[in-house]
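Asks: Here is the input, now give the coordinates:
(chains A and B)
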Amino acid sequence: MTAATLLTIAEYWLIIGAICAAVFLTFGIDRIDEDARGSYIFRPLLVPGVMLIWPLVLWRWQVLERERDNWKLRHLPERKAHTAIWSALCLVLPLIVLLGLAVRQTPPDGAPIKLEEAR
Amino acid sequence: MSVKYIPVQWNTNKWIYDIVLILSVGIYLWIFIEWGPVLLDHGKPVTPQIHNARAFGSCAFLMLTLILCIGPAARLNQKFLPLLYNRRHFGVLTLFVALTHVGYILDWYYAFSPTPKLEGVLTANTSFGRVLGFPFEVFGIFGLVVLLLLAVTSHDFWLKFLTPRLWKRLHMLLYPAYAALVAHVALGALQDQTSPWRAIFILFSAGGVTALHAAAFLKEARSETTVSLNDWITVCDADDIEDGFARVVRLENGERVAVFRSGESFSAISNACAHQNGPLGEGRIVDGCVTCPWHGFQYRVSDGCSPEPFTERVPTYNLALDGAKIMLNPDANPPGTPTTPVSLGENGK
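Replies: A predicted model of the protein is given here:
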C-alpha cells in the first residue's frame, strides 16, 4: 500500500466521520444522554472525536438506544490489562533504550573538510 | 461535575493548575532555546528550526513522561493527588507542544518535498529492515495519532457515553504510544549526538516511569484482600476499619468493593467512581458522603447516589454483621439502590 493510498483512506475515514458527527450531534446525542439536552456550546468540541472513532460512536449509540447497556461493566475498571501492559513495558522500555545506545555511532572528529581543500 | 455539559469545567484550582503548567512549559522552552546550544554542546551546528523542533519535541516527551508518572505517584503517596486532578488538561497541552514539534519538522525537512508533506514523511525513508537508520518517524506518527485521539476524547461526555471501562481501554493506548515515542527518540535524536545528556534523559524518563508503575502495583497488591464468591464473604473485623474510611475488598470476578465505616455504621459501595472509575475506597466520608480522591465526585455511602442536583450513581452492596465480623453479599445492587447500614451490636445476617 502506498503512502498516497493510506492518506486517501484516512481522508475518506474523516469525511464519513464528519457526516456521522453532524447526525449524532444534531439528533442522536439528545436521545441517549439527558445531560446533553439543552447544552449546545460543548458539542463542537466533540466533532474531532466523532470523526476519529465514528464506528465506536455508532455502536455505542445503538447500544444506548436499545437500552442494552450493561451497568455492571461501568463499574469494573480495566485493571488486568493495565497490569499486563506494564509488565510488558517493564521489559520493552529498557530494551528499546539499550538498542538505541547499542547502535549509536561515533561521528569523526573535527569539522567536515571541503572537497576542494582535500584535493 | 455538572448537571449539564459545558465546554471546559474550570474552577480556581484548575486555573491555577493550568497557569502553572503553561508557565512551566514556557520556562522549559525558553531555557532550551536560549541556553540549549551552550548547555547541550551540539556535536554539530544546527539551524534554529531544528533547534526549535528539538525544544518542543523534548518538551512533549518530558510532559508525557510526567503524565505517566502522576498516576502511580498518586497511588504511592496521596500528596500527588492534586496533580492527577487536572491531568487531562496536561495531556491536551502535550498534544499542542507535540504538534508544534511536528510543524517545525515538516516545514524544515519537507519544505521542498515534491509530494505533499505528509506523504513525504511516509516515503522519505522506507528502510524498515535495519535498526540503524530505521524510519523512526513512524513511531512518532503513531504517538502523535494516539495523543490526538486521547485529547479529542477527553471531554466528560466521552466517559459517560463510552463508559469508563471502554474509555480507559481507549486511553490505555497511551502506553504503547509512550513505548513508540521512546523508540522515536532512541532511534532518532539519540543517534544524532555523542553528548551523554540525551542518553541520560531517556534512561531516567523511561526508567522512572517503569519503576513507579512497578512500585505502585506492588503496593496495591499488598494492600488488598482477594475473596472468593461464596454466598456471603467475610471482609474483616469491624474494628479494622477506621472511622470515616474504607476497607477495599477485591472479589474473584475483579470487582472491588469499598466497605465504609461512619461512626458505628457500615455501608458498602462499588470502589469504582461513576466518572472515571477512580478509587472511592481511598476517599473519606464527610457528612455521609464519600469524595472520590481523583476528581471530587461525591456519593452517599448508604445508597450510592450523588447528592442533588448531581445524577451520578454507583452500585451498592448488602452487609451483615456476624459477631464482630463484617459480612458482604458479593451480588451488587443496581447503581443507586438504597441499603440499610449495619451497626455494631446488630446481627443482620
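Asks: show me the contacts for A:Val50.
Replies: A:17, A:20-21, A:24-25, A:57 (CB atoms under 8 Å, 6 or more residues apart in numbering or on different chains). Where you see a C-beta, it was placed from the backbone N, CA and C, and this is true even at glycine.
Asks: In chain A, which residue sits nearest chain B?
Replies: Ranked by CB to the nearest CB, the top residue of chain A for proximity to chain B is A:Gly100, at 2.8 Å.
Asks: How about the contacts made by that residue?
Replies: A:Gly100 touches B:183, B:185-187, B:190-191, B:202, counting by CB under 8 Å, 6+ apart.
Asks: Taking the centroid of chain A, which residue is nearest it?
Replies: A:Leu52 (7.5 Å; CA atoms, centre = their mean).
Asks: Name the nearest residue to that one, ignoring sequence neighbours.
Replies: B:Leu149 (5.6 Å; CB to CB, 6 or more residues apart in numbering or on different chains).
Asks: Give me the buried positions along the one helix or strand the one you found maps to.
Replies: According to DSSP states H and E, B:Leu149 maps onto helix B:137-152. Using 16 or more other CB atoms under 10 Å in any protein chain shown as the test for burial, helix B:137-152 gives B:137-144, B:146-152.
Asks: who touches that helix?
Replies: A:48-49, A:52-53, B:64, B:91-92, B:94-95, B:98-99, B:102, B:121-122, B:124-125, B:170-171, B:173-174, B:176-178, B:180-181, B:183-184, B:187-188.
Asks: and it, average pLDDT?
Replies: The average pLDDT within helix B:137-152 is 96.
Asks: and if you look at stretch B:247-261?
Replies: Here the average pLDDT along stretch B:247-261 is 85.
Asks: give me every residue that touches the residue lying closest to B:Leu68 once chain neighbours are set aside.
Replies: Leaving out its chain neighbours, the residue that sits closest to B:Leu68 by CB to CB, 6+ apart is B:Val209, at 4.8 Å. Contacts of B:Val209 were listed using CB under 8 Å, 6+ apart, and they are A:93, B:65, B:68-69, B:178.
Asks: could you pull out the helices for chain A?
Replies: With DSSP state H as the criterion, chain A has helices at A:3-23, A:29-32, A:43-52, A:54-65, A:71-74, A:79-102, A:115-118.
Asks: if you compare the ones you listed, which one is most tucked away?
Replies: Comparing the helices of chain A by mean neighbour count (mean count of other CB atoms under 10 Å in any protein chain shown), helix A:43-52 ranks first with a mean of 19.
Asks: pretty sure B:Val259 is in a strand, no?
Replies: Yes. Assessed by DSSP: H, G, I helix; E, B strand; the rest coil, B:Val259 belongs to a strand.
Asks: Would you agree it is in contact with B:Ile241?
Replies: Yes. Between B:Val259 and B:Ile241 there is a contact under CB atoms under 8 Å: 6.6 Å.
Asks: Of these two, which one has the most company?
Replies: B:Val259 (25 against 17; other CB atoms under 10 Å in any protein chain shown).
Asks: and that one, bridged to which residues?
Replies: Under DSSP bridges, the beta-bridge partners of B:Val259 are B:Arg247, B:Ala268.
Asks: how far away is it from chain A?
Replies: Look at B:Val259 and chain A: by CB to the nearest CB, to the nearest Å, they are 15 Å apart.
Asks: what residues are up against that residue?
Replies: Applying CB under 8 Å, 6+ apart, the residues near B:Val259 are B:235-236, B:241, B:246-249, B:266-268, B:317, B:319, B:326, B:328.
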